[in-house]
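Visitor: Below are the sequence and a predicted model; questions follow.
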Amino acid sequence: MNVAENVFTMFKEHKESFQLLRRARLEHIYLDYLNKGFALNFENNLHEENIYKPYLYAGMIFNVSMAWLDNDCKEPAETLANLIVDAIYFK
């Protein structure tokens, strides 16, 4: 299971909490969490020199997550994860 699939799986497991955040217009809390997590992962594990890459990944996950939430998380997490991977590799 890749990182994106893990994120989407956990997101769906906590869908009701994310719906509450969305209704309260506090989605930025989730975005902040993703930004910090990806930045830390890139810094500690990938030794990435481009400081903007983690935010590209976090932004993709965030935006797809919010659209998925608006659609009641109907598609499987794996489908969305594959969409992200395909977008990264221009498929």
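Guide: That came in fine, so what should we check first?
Visitor: which parts of the helix of greatest length in the chain are buried?
Guide: When the chain is parsed with DSSP state H, its longest helix is helix 53-70. For helix 53-70, burial by neighbour count (16 or more other Cβ atoms under 10 Å) applies to 54, 55, 57, 58, 60, 61, 62, 64, 65, 66, 68, 69. The way it works is simple: take the backbone N, C-alpha and C, and place the C-beta from them, glycine included.
Visitor: Then stretch 3-12?
Guide: Under the neighbour-count criterion of 16+ other Cβ under 10 Å, stretch 3-12 has 4, 5, 7, 8, 11, 12 buried.
Visitor: same question for that stretch, mean pLDDT?
Guide: For stretch 3-12, mean pLDDT rounds to 92.
Visitor: Any chance you could list what contacts it?
Guide: 1, 18, 34, 41, 61, 64-65, 68-69, 73, 77-78, 80-81, 84-85 (Cβ atoms under 8 Å, 6 or more residues apart in numbering).
Visitor: now that stretch: how far from the chain's centre is it?
Guide: With Cα atoms, centre = their mean, to the nearest Å as the basis, stretch 3-12 stands 7 Å off its chain's centre.
Visitor: do you know how far residue 81 is from residue 57?
Guide: 12 Å (Cβ to Cβ, to the nearest Å).
Visitor: tell me which residues in the helix or strand where residue 38 lies are buried?
Guide: In the assignment (DSSP states H and E), residue 38 maps to helix 28-41. Neighbour counts over helix 28-41 (16+ other Cβ under 10 Å) mark 30, 31, 34, 35, 37, 38, 39 as buried.
Visitor: what does stretch 10-25 give?
Guide: Judged by neighbour count using 16+ other Cβ under 10 Å, the buried positions of stretch 10-25 are 11, 12, 18, 21.
Visitor: before we move on, the earlier item: got the buried residues of helix 53-70 as CSV, with distance to residue 45 and pLDDT columns?
Guide: Shown next, in CSV, are the buried residues of helix 53-70 (distance: Cβ to Cβ, whole Å; pLDDT from 0 to 100):
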residue, distance to residue 45, pLDDT
54, 11, 90
55, 16, 94
57, 13, 90
58, 15, 94
60, 19, 94
61, 17, 95
62, 20, 97
64, 22, 96
65, 22, 96
66, 26, 97
68, 26, 97
69, 28, 97
